[in-house]
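*Asks:* Sequence and predicted structure are below.
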Amino acid sequence: MVVWDQTQVSIWLSLYSLIDAFFYESSVRGYEWWESRKRLPQDIHRKLMIDDEQPFQGDSKVNESKKKTILERRKVRSAPTAAARKRKSKINAAEVLKREKNGLEVINDIPNYIRDGWESIPSDERDRLKWVGVFYRKQTPGAFMMRLRMSSGFSNAEQFRAIAEISEAHGPGFVDLTTRQQIQLRGFAIENVQHIWNRLEAVGLGSLQTGFDNIRGVIGCPVAGLTPNELFDASHVGREFTKLIVGNKEFTDIPRKFNVGITGCLDNCTHSASQDIALTPAVKEIDGQAVKGFNVAVGGKMGSGGYTPAQALDVFVIPEEASVLCGDITLIFRDHGPRTARNKSRLAFLIADWGVEKFREELESRRHRKQPLLTAGKDARGKKKTDHTGIFSQKEPHLNYVGLVVPVGRITTPQLFEVARLADEYGNGDIRLTQGQNLIITNVPDTKIGALTAEPLLRELRYDPSEVMRGMVSCTGIDYCHFSLIETKERAMEAIQHLEAKLGNTKPLTIHWSGCPNGCGNHAAADIGLLGKKVKIDGVVTEAVDVFLKGDAGANPKVAPKVLENVPCDDLPQVLEGLVPYLSRR
């Protein structure tokens, strides 16, 4: 197998501008073609030279043309036949499961499963357990996973100790931080689930509705209320919405999973454009006064056919009304969202079918105040981005927050205990989780910064990591997720070690791994996105990735173009060795 060194790949990258337009129209070549030709796909340069300032504009002219054709066809369409009506009414297995009984009712069956063991759980009921945040794992039969809900990633030392104790007593000695600012417990037996819930409840944590067709954990700025770079603290809106939906059966029968992002941060620290509902900071003049609130976008997603950026709804909402508005949007999805094909059941497909204007009209008809929706305000977000890693001054003088990198989001039980100790000793006990699978210790006085940075733990969870370490994100991978097609976390660590050894430090960039098309690693929103797959190379089934470049899910979202296919994971560190310097220069 050919080994790619930095010089080779850099030369190939420098040739992009010489590629003829004929080759730009050609399809993306596979990795084997690249290997045989000793150069990168010929359409990559044009894709990379897309104007960085050009935001996603929703439907293209091509899409508008298609819509016109569809509408014309609809005018002459005959009445559906009986067979067509029968096909339309067909529902998938997940919908059958939901119609049998509400997902939350599975909690009544837990005592039986505790008594009789995990083998007694019927196969269809294993999915229903996800309504209460308990996940059967095919890779580890009898060893379950639990996902905890933490709105905007807010936590504290007391909760970290409880999580550490649970992991120590019932798990494998580590937990995973997720890209939705939550924590996943692993390896526990069903017999221990009630004990775990009791321990979590004592510290204000829970796991309800964190899986399957539910509204997942609300993401937001992890330093809301602390950072001077926010229009306002929006974290209370996320908590209000969470309080509205958790345990509420009105919100437990939606067509598919549903992601919500609510932020007042001006520094684009969340992937707002990939959310089903995105509330982002804005200012609108109302009765001669500048009012702070949110602009609303809907229909974003990462999986189910790829990244679709959320579309602006042309709605401005004040914080006091935002959680109710999010509830109304969710209930429109519940009542009208597609339920036939699982891969086409996200809100994005309803938006594509209806259009934004019709969706807005339906939302306005549900308004409790019976007043017209306000049109969008002025977007307050800037061009700057931050991941909150490092040492930053807070709003309050002489206080700081310290963002620490947790390599690929996996943190050990001893590290959990130590983070809790440091949060208490150097701060006020608050801990925040980021979308980059990292954590933040808050409210550290100036006088304690030196002592905190000298702590041994900060040589493992660094505030000053290399840029490749800082920007590396990985989904769970094949060890614990049956959707994943490749191992991700170990390979991500191997890539970090290789790049640090070969390149030293670089300019900031992000490298995200998703083990399958569900896109839990947010690969389509990264500078370098890696999507796992299985391919045959020389007749051997091999773990490989497709490579995407320059995606964005912030204020100016861009769908990352795929520039390489079928790159064997064993060769990937060398390939990245060439790509990283190129992107660092741009």
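*Replies:* Good, I have the coordinates.
*Asks:* Can you tell me the centre-most residue of the chain?
*Replies:* residue 179 (4.7 Å; CA atoms, centre = their mean).
*Asks:* what mean pLDDT does stretch 226-237 have?
*Replies:* Mean pLDDT, computed over stretch 226-237, is 98.
*Asks:* For that stretch, measure first residue to last.
*Replies:* Terminal residues of stretch 226-237 lie 16 Å apart, using CA to CA, to the nearest Å.
*Asks:* again with stretch 167-180
*Replies:* 20 Å.
*Asks:* Give the buried residues for it.
*Replies:* Neighbour-count burial for stretch 167-180 flags 167, 170-171, 174-180 (criterion: 16 or more other CB atoms under 10 Å). Just so you know, the C-beta spots here come from the backbone N, C-alpha and C atoms, and that holds for glycine as well.
*Asks:* shaky segments in this structure?
*Replies:* 1-89, 369, 584-586 (pLDDT under 70).
*Asks:* Domains of it: list them as residue ranges, please.
*Replies:* 6-49+470-585, 101-202, 235-379, 390-464 (automatic domain parsing).
*Asks:* As a markdown table, those with distance to residue 221 would be great.
*Replies:* Listed next are the domains of the chain as a markdown table, based on distance: least, CB to CB, whole Å:
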| stretch | distance to residue 221 |
| --- | --- |
| domain 6-49+470-585 | 12 |
| domain 101-202 | 7 |
| domain 235-379 | 4 |
| domain 390-464 | 9 |
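*Asks:* Next up, the contacts around residue 183.
*Replies:* 147-148, 150, 155, 163, 175-177, 433 (CB atoms under 8 Å, 6 or more residues apart in numbering).
*Asks:* sorry, back to before: Serialize the buried residues of stretch 167-180 to CSV and add fields for secondary structure and distance to residue 323.
*Replies:* Converted to CSV, the buried residues of stretch 167-180 look like this (DSSP: H, G, I helix; E, B strand; the rest coil; distance: CB to CB, whole Å):
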residue, secondary structure, distance to residue 323
167, helix, 32
170, helix, 34
171, coil, 34
174, strand, 34
175, strand, 29
176, strand, 28
177, strand, 25
178, coil, 23
179, coil, 23
180, coil, 18
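*Asks:* What is the nearest of those residues to residue 520?
*Replies:* Among the buried residues of stretch 167-180, residue 179 lies closest to residue 520 (CB to CB), at 6.5 Å.
*Asks:* separation between that closest one and residue 139?
*Replies:* 20 Å (CB to CB, to the nearest Å).
*Asks:* What of residue 436?
*Replies:* With CB to CB as the criterion, residue 436 and residue 139 are 25 Å apart.
*Asks:* of these two, who's got more company?
*Replies:* Higher neighbour count among residue 436 and residue 139: residue 436, with 25 against 13, using other CB atoms under 10 Å.
*Asks:* In the buried residues of stretch 167-180, find the pair that's most separated.
*Replies:* Farthest pair in the buried residues of stretch 167-180, by CB to CB: 170 and 179, 24.4 Å.
*Asks:* Could you double-check that the residue nearest to the centre of the chain lies in contact with residue 473?
*Replies:* Yes - in terms of CB atoms under 8 Å, residue 179 counts as a neighbour of residue 473; the distance is 6.4 Å.
*Asks:* Find residues that contact each of those two.
*Replies:* Common neighbours of residue 179 and residue 473 (CB under 8 Å, 6+ apart) are 409, 436-437, 521-522.
*Asks:* which one of these is nearest residue 416?
*Replies:* residue 409 (13.0 Å).
*Asks:* and that closest one, how many neighbours?
*Replies:* Every residue meeting other CB under 10 Å relative to residue 409 is counted, giving 27.
*Asks:* Disregarding flanking residues, what is the spatial nearest neighbour of it?
*Replies:* Sequence neighbours aside, residue 437 is the residue nearest to residue 409 in space, at 2.9 Å (criterion: CB to CB, 6 or more residues apart in numbering).
*Asks:* before we move on, what about residue 461?
*Replies:* The shortest distance from residue 461 to any non-neighbouring residue, by CB to CB, 6+ apart, is to residue 404 (4.2 Å).
*Asks:* Specify the beta-bridge partners of that neighbour.
*Replies:* Taking DSSP bridges, one obtains residue 439 as the residues bridged to residue 404.
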